[in-house]
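Peer 1: Sequence and predicted structure below; questions after.
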2 protein chains.
Amino acid sequence: MTAPNPAPDRHGISSVDRLIHEPARMLIVTILYAVESADFVYLLRETGLTKGNLSAHLSKLEEAGYVDIDKSFRGKVPQTLLRLTPQGRAAFQAYREKLRQIIQSFPKE
Amino acid sequence: MTAPNPAPDRHGISSVDRLIHEPARMLIVTILYAVESADFVYLLRETGLTKGNLSAHLSKLEEAGYVDIDKSFRGKVPQTLLRLTPQGRAAFQAYREKLRQIIQSFPKE
DNA sequence: GCATACTGGTTTGCAATACAAACTTGTATG
DNA sequence: CATACAAGTTTGTATTGCAAACCAGTATGC
């Protein structure tokens, strides 16, 4: 099977942004959308992810251009500051809207 | 890092049912929830998935006890009939509700 | 009646993931 | 100066999602 069917997808489900759809990243993005800027340690506490996991997800979001990673020092301690890029904010809004549509299309009862 | 933090997850995001959360399966389950019973070919057309992919997702849903796979013959052609189990229906309802909560907790604007 | 094509699937191979453990770099402390 | 700690990153691994390749059985051409 080379090319699948015309793919109706009447619910729009298959067009969700999988980068944000992943629960861990949904959490991260939701937080960043709300607070505008947060550091690594804050996200660590807030998400409950392990450091490695959080780091990986942030890198992936950065690659996609969704978050900006800003490494600096606060005194002598390194601090990694994260914030959503305009692209990231737009993507979150689009995702949120898409999800809303999908939910509304769900069969009731 | 052995055990992560107490994990607040105030949004409930990390407790979504990942089996249903996967878009392809969300599509399948949504359809099955609505139509009560469908055969493989119908799902194939309706989802736009490839056969292998659809087969794999259905097997996974079966393992989880979410769908019932009933292989029979309609005349001489094999027919695989799929339907949600009570468990599957309950899981979909729970997922739908969870998603609704999450969406409502999303920061507006 | 045998090859060829089609239908309805399953199995296989593979690239990409998600995750936590182990490592790294640098600071503070006994 | 060794030992612990803090802030991350890299590495290893098991699981996934996907489509191509395969398989069994039926219908069709010749």
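Peer 2: Arrived safely.

Peer 1: Would you map the strands across chain A?
Peer 2: For chain A, strands defined by DSSP state E occupy the ranges A:38-39, A:67-74, A:77-84.

Peer 1: what comes into contact with the last one?
Peer 2: What it means is strand A:77-84. Residues outside strand A:77-84 that contact it (Cβ atoms under 8 Å, 6 or more residues apart in numbering or on different chains): A:29, A:32-33, A:36-40, A:43, A:58, A:66-73, A:92. For the C-beta atoms, the positions are set from N, CA and C on the backbone; glycine is no exception.

Peer 1: Of the residues you listed, just the buried ones, ChimeraX syntax please.
Peer 2: In ChimeraX, this line selects whichever of these come out buried by 16 or more other Cβ atoms under 10 Å in any protein chain shown:
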select /A:29,32,33,38,40,43,58,66,67,68,92
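
Peer 1: do you know which of the strands of chain A lies nearest DNA strand C?
Peer 2: strand A:77-84 (6.4 Å; Cβ to the nearest atom of the strand).

Peer 1: Select, out of the strands of chain A, the one closest to B:R18.
Peer 2: For the strands of chain A, the distance to B:R18 is smallest for strand A:67-74, at 22.9 Å, taking Cβ to Cβ.

Peer 1: Is that closest one positioned near DNA strand D?
Peer 2: Yes. Strand A:67-74 lies within reach of DNA strand D by Cβ under 7 Å from any atom of the strand, at A:I69, A:K71.
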